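Q: sequence first, predicted model second:
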Amino acid sequence: MKKRDVLRRDDADEDSILSSDAGSTKRKSHKKNIRKNRMKTLFSAVIDAKEVGTGRRLCELFMVKPFKKDYPDYYKVILEPMDLKTIEHNIRSERYANEDALLVDMKLMFRNARHYNEEGSQVYNDSDVLEKVLKDKRKEMGAPPEEEEVGSPKLKLRKSGVSPKKSKYLTPLQQRLTELYDAVRNFTDRRGRRLSTIFLRLPSRAELPDYYATIKRPIDMERLRSHMLSARYQDVEAMVEEFALMFNNACTYNEPESLIYRDALVLHRVLLETRRQQEGADDSGAPPLVPLVRELIRNLFVSVLGHQDEEGRVYSDSLAEIPAVDPEAPEKPAVNFEVVRVNVERGRYHRLDVFQEHMFEVLEKARRLHRTDAEAFEDAVELQQFFVKIRDELCKNGEILMSPALNYTSKHLHSDIDQEKREKIPLEFEDDKQKREEESKDADKSGELPAEAWQSGPERTYSQDCSYENSTYRVGDFVYVAPTEANHKPHIVSIERLWTDQAGEKWLYGCWFYRPSETFHLATRKFLEKEVFKSDYYNKVPISRVRGKCMVMFVKDYFKLHPEGYRAEDVYICESRYTARNKTFKKIKVWAMPVTSVRLAQRDTPLPVVRVASMFAKPPQERALMDVSDADKGGCVDKEREDVPVEMTGAEPGSQYYDQLRYKNMWLKVGDCVYIQSHGLSKPRVARIEKLWVQNGATFFFGPIFIHPEETAHEPTKMFYKKEVFLSNLEETLPMTCVLSKCLVASFKDYLSCRPTEVPEDDVLLCESRYIETEKQIKKFKGLKRFSLSAKVVEDETYYFRKLVVPQKEASPLLNKKIEELELKLADVEDGDEDLEDLDDDDEAPATPSMPLMQTPVTVDLDATAYTPSQSTPKIKGMSKKEGSKRKINMSGYILFSSEMRAVIKARHPDFSFGELSRLVGTEWRNLEATKKAEYEERAAKVVEQQERERARQQASPRAGMMGAYGPPYMQGPHEGLLSVAPMPPLHLGGPPMAAHHLQQGMHYPGMPHPGMMAPGMNGMAGSPNPGTHYMQQPGMYSPGPQAPPPYPGQPGQPASPLFVAPPPKTQRVLHSEAYLKYIEGLNSDSGTVSKWDQTLKAQRRDAHLTKEQESHLPSHWLKSKGAHRTMADALWRLRELMLRDSLNIRQAYNL
C-alpha cells in the first residue's frame, strides 16, 4: 500500500512539473504576442493615416524605397535608406527586440524624407504628420510591458548584444557621445542664440545646388545623431572626426567673414574643449620607456643570478669570486656581478646591449680563468645559455624590444664555447700530465706508499673494521677527528683504510671534508645549510683522535633520505669538491665514496633547500654604505661609440663624410632628426640628416626640412595630431652650429606602435603627410627614406608597445586667432545693445533729456512678431566703455554687402531663421560678379576713411560725446541686419517750441513716415524722397507692394556713392531687428497711419484669447518675472497700459 502511494505521489509531482513548465511557456508566449501586437498596432496607425479632406493615404510614398535609376543621387545623400515594407518584414520575422527598435527605424525613415526633399514639399509635410501620428498612438497605448519578463536572458543577450540589467542605462561610451553632442547642440552665445541651429539640417538641393557640387561629403547634426543612436561610433574620436568634417564643410562653402563661418569655428572649439574635459587626467600617450627597459633588465638580471640546478644550487655562487679587474687586461674598467648588481639597482642601464656586454664579460672572464672541467667554467656556460634564453623570452624575439643584443644567439654561443675548448683542452692535458709527475715526486719524498702497496705485511695489518673504546669503525664511515689546534671544530674524515701497526696502535687513512669556513671564497658566496666540501687532502691519524661518528650525504639524497641512528646535527650535505691549490670549487657529478653499512630511510617530509650567507659576508649597514659610495661614480652607462667615416663618390676636396659622428657631446648618425634654429617662428623647425661631413674643420649636414601646422595654409577647423609635422619641399645644407638638440620624426605606423628607447617622448614627432607649397595642399606619402649604414654604427633600440598608442587630434593653432579676428570684425554687428547701455552709464557725457519714443504698432497678433534674440559677441576684456565707443570699425566689402542685403533677403523669406539668412547672404555674395565685389571693397574703404576723419574731428570738438544734430538717416558701419536710427539733438526742457523743419527731421506725426522709412511713392533704391521731404531711404529697405525686389546696390539706377553720416560717439540702434523689419513691412499706401492705432486703443484683455503657441511667442524676456500678476500675459498687458499712459502724458506736457 505504501509503495503504491509513493508511486502515485511521484506521478503527481511529475504532472505538476510538466504543468508548471507549460504554464511558464504559455506566459512567455502570451507576452511575446502582446509585444508583437503592439508593434503591429503602431505600424497600422502609420499605414491607415489619411489626409484630412481628401482622404489620401499618407504612407503611399513611404512604402518602398525609390529606384536607383529614377533617383541615382538619393543613395548618395541617404546613407541608410528605410521603407515601410522593410519595417513590416522585420515585425513579422520578429527582428525587433522591443518597440524602441521599431521606433528607431520609423524615425530614420521620416528623417531621410525630410533630409532629401525640400522643405514644404508633400513628402516633407507627410513625414511630419506621420511621425506625429506615430507618437500620438504610442502615447495612447501607454508604456510597453517589462521586456525582462519576455524570453530568456540568454536569448535577449544574443538579440540585443547587451545584458538585460544594463539595457536600461547608457554605456560609458554612449554617455560620452551624448554629452559631446549635447554640448555642441545646446551651446548659446551671450545673447542666448543657439549657434547649432543652422547645422541641424543640410540645405535642400533645390535651394543650394552648388553646395553639393562644392562639398563632397555633406553631413549635418541629424545624421550625426542617427549614427550615435544606431551605435555606429566605436569611440569618441569617430564622432569628433564627423563633427570636424561638418564644421570644415561650413568653412569651405561660406565666406571667411560670414557669421556662419565664425559660428562653425566657435562650435568647433566647444567640441574640442568638451572632449578635453571628458578625458580629464587620462593619458592615452606612450608610456615612459626608460622604466620599462630598466624593469626588463632587472628581471633578466634577477633570473640569471637566481638560476639553480635540480638540487637547488645557484650557479652564480661559483662565479662570485671572479675578480672585477681582469688580470690579463687591467686597463679595462672593473666589472663583475657585484658591479653589475649596483648598476642595475641604480638604474644606470638604459640599453639592453650594454647590460649584455657587461654580463658576457663576466661570464667570459670566468671561462677564461678556469679549466674546462672546473665548476666555474661549466656554470658560466650554463648561465650564458640561460641568459640568452630568458633574454629572448622577455623581448619575445624582438616583438617587445628590438635591440642589437638579439643578434647574438645560442648558435653563436655554442660556436664560441667549442672554439674555446679546442684551444684549452690540449693545454690542460699537458698541465695534468705535469702535475701527476710532480705529485709522484712529492709522494716519494714523504714516504707514502703507492696504492698497490696498501697490503698486509709484517709492519701493518689491514682490516675492514676495528674497535676502540666500545665503538666499532668500518671503512666508509665518517668520523670526527680532533683538531691539532685548540678552539677549532673537529675535522670530518671519510675512512678509506684501517690498520694496526707493529706496536699495536690502530690507524685510519681517509679524505678530509672542509666546512665553508675552512675554504677560501668570496664573501658574497652562499652555501647550503650544513654543507661540506670534499677536499683534495688525504692523511692518516691514529684512532685515538677519533671523537665520534657523523654522516656526509650526497646532495641528491640529503633532502629526501636520512641515515638511521644519527642525530640531525651530525648529518652533513656535500655537492662540490674543493681544490686547495687553485682555491676553486667544482660540482661533483658522481658520488664515488666507499660503500657504507649505514641504512638510509625515507624522510616523512622532504627538507627545503635553504642557502645561507658566508660567515665573511659584510653586515647590511656596511654594504649599504658601500653601495652609496658606488652610486656616486657616475650616471647612465652609455654605449661605446666611435666616429665612422665613409667614402663618398663625387665628394669635394677636403671633405670627409661620416655615417656616425660626435659633435659637442652629441652623437649623430645619418637618418637622425634635429631641431634647428628658426628665427621668427614660435617653434623650431626640424631637419633630417641625410648627409654628414666635415670640411675645413667645420661640420655640415644636408637634408629635408619639416614644418609645423601653423606654417601651412589650412582652414581653422582642420585638426592635427599633437606634435605633428609636415615634410616640406625645402632641402638645405646647414652648419652644425644651428642644431639645438636631437629629436625623432616617426611615421604614423611607427608612432602608434613603437619608440626608440633613448629619445624622450616630448621630442618624438609625427609625420604622415607632405606639404606642397605651390598647391597649398597637404598630401599623405608612403614614408621617409631609409639608409643602409656601416656595421660600426650603433643602432637604436626600439620598444614596441603591447597596446597601440592612439594619437588624438587637437585644434588648429589658427582656430583661436581666427575666432578673435572675426569677433572683432563682427563686434559692431552684434554689440548694438551695449552701446545704448554705455549711453546711460557714461558719467562724462552731458545730461540729455529723453528723446521722443518711436511709435510702434501694438497688435494682438503675436505670431507676426515672434521674438528672435539679438546676436552679440562679448566685449574685449580690458576695454573700457569709452574706449569701446571709439573702437575702430572693421569694415570690409562682404560686411557692407551683408548689411545692405540682409533686409532684402529677410523680406523675401520672412520665416527664415538668423542662420539661414546668413547662409543666403553668403550665397548671394559668392554669386556676385567680381567687379561688384571690387566696388563694395572700395566703398568699404571709403567708409572707414570717412569715419576715421569724423571720429578725429569729434574727439577734437568740445561737444564730443553729446548727441549730434539732426540729420538724415545713415548706415552705421557694417551692421548685418541691424538698422541705425538717426541721432537727435538735445531737447531743451521748458524752451520755446521747435521749428517745423526741426520737427520734420526728428519727430514723427500720424500719417507721416518715420525717418529712415519709405513713404509711398518713394524710389526704393535711388533713395530720392518725395518733393519737399528731407528723408533718405535706409539701404536695403523697400516699400511693400507688387513691384519687384530691388536690384543689388551699386547697379544702374542707384547713386554712385551713398550718403554717409559719421556716427556719433554714442550711437543708438533698434534692439530687435526682426520686429523693426515687420514694422516697416506694415507700411502701405491704403492707410494714413503706420498702425491701426484706433483698434489698438480699443483692445482689452478680456477680448484677447491666446493659444498656447501664441503665448510661447510672447516677449516674456522683457520682464524678469510676472510679479503679482497671475500670468505673464497679464503682466505684459499691464506694461502696455503703463506705456500708453506715459505716452499720453508726454504728448500733453509738450503739446505734441
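A: Looks like it came in fine. Numbering: from 1, shown residues only.

Q: roughly how far apart are residue 682 and residue 771?
A: To residue 771, residue 682 is 17 Å away according to CB to CB, to the nearest Å. Bear in mind the C-beta positions are built from the backbone N, C-alpha and C, glycine included.

Q: test my guess that residue 544 contacts residue 466.
A: No: with contact defined as CB atoms under 8 Å, residue 544 and residue 466 do not form a contacting pair (11.7 Å).

Q: what do these two both touch?
A: Here residue 544 and residue 466 share the contacting residues residue 506, scored by CB atoms under 8 Å, 6 or more residues apart in numbering.

Q: more neighbours: which of these two?
A: Each of residue 544 and residue 466 has its neighbours counted (other CB atoms under 10 Å); residue 466 has more, 19 against 11.

Q: ok, that one - contacts?
A: Residue 466 touches 472-473, 498, 500, 506, 543, counting by CB under 8 Å, 6+ apart.

Q: which pair in the residues you listed spans the largest distance?
A: 472 and 500 (14.3 Å; CB to CB).

Q: which one of those two has more residues nearby?
A: A count of neighbours by other CB under 10 Å puts residue 500 above the other of residue 472 and residue 500, at 15 against 10.

Q: what's the more buried one sitting at in phi/psi?
A: Here is the backbone geometry of residue 500 (degrees, to the nearest 10): phi -130, psi 130.

Q: got it, and residue 466?
A: According to degrees, to the nearest 10, residue 466 has phi -160, psi 160.

Q: distance check, it against residue 430.
A: Using CB to CB, residue 466 is found at 43 Å from residue 430.

Q: same thing with residue 536?
A: Counting by CB to CB, the gap from residue 536 to residue 430 is 20 Å.

Q: of those two, who's got more company?
A: More crowded of residue 536 and residue 430, by other CB under 10 Å: residue 536, with 13 against 10.

Q: put the alpha carbons of the helix or strand that the more buried one is a member of into PDB.
A: Using DSSP states H and E, residue 536 sits in strand 531-542. C-alpha atoms of strand 531-542 as PDB (Å, rounded to 0.1, in the frame of the first residue of the first chain):
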ATOM      1  CA  GLU A 531      77.300  22.000   3.600                       C
ATOM      2  CA  VAL A 532      80.800  20.500   3.500                       C
ATOM      3  CA  PHE A 533      83.200  20.000   0.500                       C
ATOM      4  CA  LYS A 534      85.300  17.000  -0.400                       C
ATOM      5  CA  SER A 535      88.900  18.200  -0.500                       C
ATOM      6  CA  ASP A 536      92.000  17.000  -2.200                       C
ATOM      7  CA  TYR A 537      93.700  16.500   1.200                       C
ATOM      8  CA  TYR A 538      94.300  12.900   2.400                       C
ATOM      9  CA  ASN A 539      96.200  11.900   5.600                       C
ATOM     10  CA  LYS A 540      96.500   9.200   8.300                       C
ATOM     11  CA  VAL A 541      95.600   9.700  12.000                       C
ATOM     12  CA  PRO A 542      95.500   7.400  15.000                       C
END
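
Q: counting contacts, what elements does whichever helix or strand comes after that strand pack onto?
A: Next along the chain after strand 531-542, taking DSSP H and E as the criterion, comes strand 546-554. Here strand 546-554 touches strand 471-474, strand 478-481, strand 491-501, strand 561-563, strand 571-579, going by 3 or more CB pairs under 8 Å, 6 or more residues apart in numbering; DSSP states H and E.

Q: report the mean confidence score over the host helix or strand of residue 366.
A: Per DSSP H and E: residue 366 is located in helix 352-369. The average pLDDT within helix 352-369 is 91.

Q: give the buried residues for it.
A: Residues of helix 352-369 classed as buried: 352-363, 365-367, 369 (neighbour count, 16 or more other CB atoms under 10 Å).

Q: what of stretch 691-710?
A: 692-694, 699, 701, 703-709.

Q: returning to that earlier point: right, and the helix or strand after the helix holding residue 366?
A: Downstream of helix 352-369, the next assigned helix or strand under DSSP H and E is helix 375-395.

Q: residues contacting that following helix, please?
A: Helix 375-395 has contacts (CB under 8 Å, 6+ apart) with 296, 299-300, 303-304, 307, 315-316, 318-319, 322, 352, 356, 359-360, 363-364, 366-367, 369-371, 400-403, 405-406, 408-410, 413, 417, 576, 584-587.

Q: show me what secondary structure element comes after it.
A: Moving toward the C-terminus from helix 375-395, the next element (DSSP H and E) is strand 401-402.

Q: distance between the next helix-or-strand element following that next one and the chain's centre?
A: Following strand 401-402 in sequence order, the next helix or strand is helix 410-446 (DSSP H and E). Centroid separation for helix 410-446 versus its chain: 65 Å, with CA atoms, centre = their mean, to the nearest Å.

Q: other SSEs contacting helix 410-446?
A: Contact here means 3+ CB pairs under 8 Å, 6+ apart; on that basis helix 410-446 packs against helix 352-369, helix 375-395.

Q: that one to helix 375-395, inter-axis angle?
A: Angle of helix 410-446 versus helix 375-395, following axes from the mean of the first three to the mean of the last three CA atoms, to 10 degrees, is 160 degrees.

Q: list the buried residues of helix 410-446.
A: Applying 16+ other CB under 10 Å to helix 410-446 flags 413, 416-417, 420, 424 as buried.

Q: one more: stretch 174-190?
A: 176-177, 180-181, 183-185, 187, 189.

Q: quick one: contacts of that stretch?
A: 170, 194-196, 200, 221, 224-225, 228, 231, 233, 236, 239-240, 243, 266-267, 270-271, 274-275, 278, 871-874.

Q: check which helix or strand covers the closest residue to residue 721 other than its chain neighbours.
A: Spatial nearest neighbour of residue 721, chain neighbours left out: residue 807 (4.7 Å); criterion: CB to CB, 6 or more residues apart in numbering. Using DSSP H and E, residue 807 sits in no helix or strand.

Q: and the gap between residue 807 and residue 770?
A: Distance, residue 807 to residue 770, using CB to CB: 18 Å.

Q: so which of these two has more stuff around it?
A: residue 807 (19 against 16).

Q: you'd agree the more buried one is up against residue 751?
A: Yes: here residue 807 reaches residue 751: they are 6.5 Å apart, a contact under CB under 8 Å.

Q: how far away is the residue nearest to residue 721 from residue 675?
A: 20 Å.

Q: show me the shaky parts of the stretch 551-700 of the chain.
A: 618-634 (pLDDT under 70).

Q: more neighbours, residue 682 and residue 771?
A: Neighbour count, other CB under 10 Å: between residue 682 and residue 771, residue 771 has more, with 22 against 9.

Q: could you find the closest non-adjacent residue to the more buried one?
A: Excluding the flanking residues, the one nearest residue 771 by CB to CB, 6+ apart is residue 726, at 4.0 Å.

Q: and that neighbour, how many neighbours?
A: Each residue near residue 726 was counted by other CB under 10 Å, and the total is 21.

Q: beta partners of it?
A: Beta-bridge partners for residue 726, by DSSP bridges, are residue 707.

Q: OK, contacts around it?
A: 706-709, 712, 767, 769-771, 778.

Q: ok, residue 344 next?
A: Contacts of residue 344 by CB under 8 Å, 6+ apart are 297-298, 301, 355.

Q: and the gap between the residue lying closest to residue 696 once chain neighbours are set aside and residue 732?
A: The shortest distance from residue 696 to any non-neighbouring residue, by CB to CB, 6+ apart, is to residue 654 (6.0 Å). Separation of residue 654 from residue 732 (CB to CB): 21 Å.

Q: so which of these two has more stuff around it?
A: residue 732 (13 against 10).

Q: you'd agree that one is in a strand?
A: Yes: assessed with DSSP: H, G, I helix; E, B strand; the rest coil, residue 732 lies in a strand.

Q: for the residue nearest to it when sequence neighbours are not counted, helix, strand, or coil?
A: Of all residues not flanking residue 732 in the chain, residue 705 sits nearest, at 6.2 Å (CB to CB, 6+ apart). Using three-state DSSP, the structure places residue 705 in strand.
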